[in-house]
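> pasting the sequence and the predicted model now:
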Amino acid sequence: MKSILIKDTTLQERIALIKEWQPVDDGLEDCEIDLWDMYKDYIDGKKEIAEINAEFQTEFLAE
């Protein structure tokens, strides 16, 4: 499996990865999570996926 770290990916590869996670029939009509917004900092090369997921989990558990 290829690394998904920012240092090992291009912008296009990061976009393609998030596209893979977006289901064709996303079934998220009732969900407020937008993967593009959630992972924008990863796509832009500012934060790793693990950092974003940790922040999300912390916010989710705090609610």
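Good, I have the coordinates.
> now the helices: where do they sit in the protein?
11-21, 35-38, 40-43, 49-62 (DSSP state H).
> the residue nearest the centre of the chain: what's it in contact with?
Residue closest to the average C-alpha location in the chain (CA atoms, centre = their mean): Y39, at 3.4 Å. By CB atoms under 8 Å, 6 or more residues apart in numbering, the residues touching Y39 are 18, 49, 52. Any C-beta I mention is one placed from the backbone N, CA and C, and that applies to glycine too.
> make it 10 Å
Counting by CB atoms under 10 Å, 6 or more residues apart in numbering, Y39 touches 14-15, 17-18, 21, 47, 49, 52-53, 56.
> any chance of CSV for those residues, columns pLDDT, distance to D34 and neighbour count?
Putting these into CSV (pLDDT from 0 to 100; distance: CB to CB, whole Å; neighbours: other CB atoms under 10 Å) gives the following:
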residue, pLDDT, distance to D34, neighbour count
R14, 97, 16, 18
I15, 96, 15, 15
L17, 94, 16, 16
I18, 93, 11, 16
W21, 84, 12, 10
K47, 97, 16, 17
I49, 96, 16, 17
I52, 94, 13, 16
N53, 92, 15, 14
F56, 86, 12, 13
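> could you work out the most separated pair of the residues you listed?
Largest separation among the contacts of Y39 by CB to CB: I15 and F56, giving 19.4 Å.
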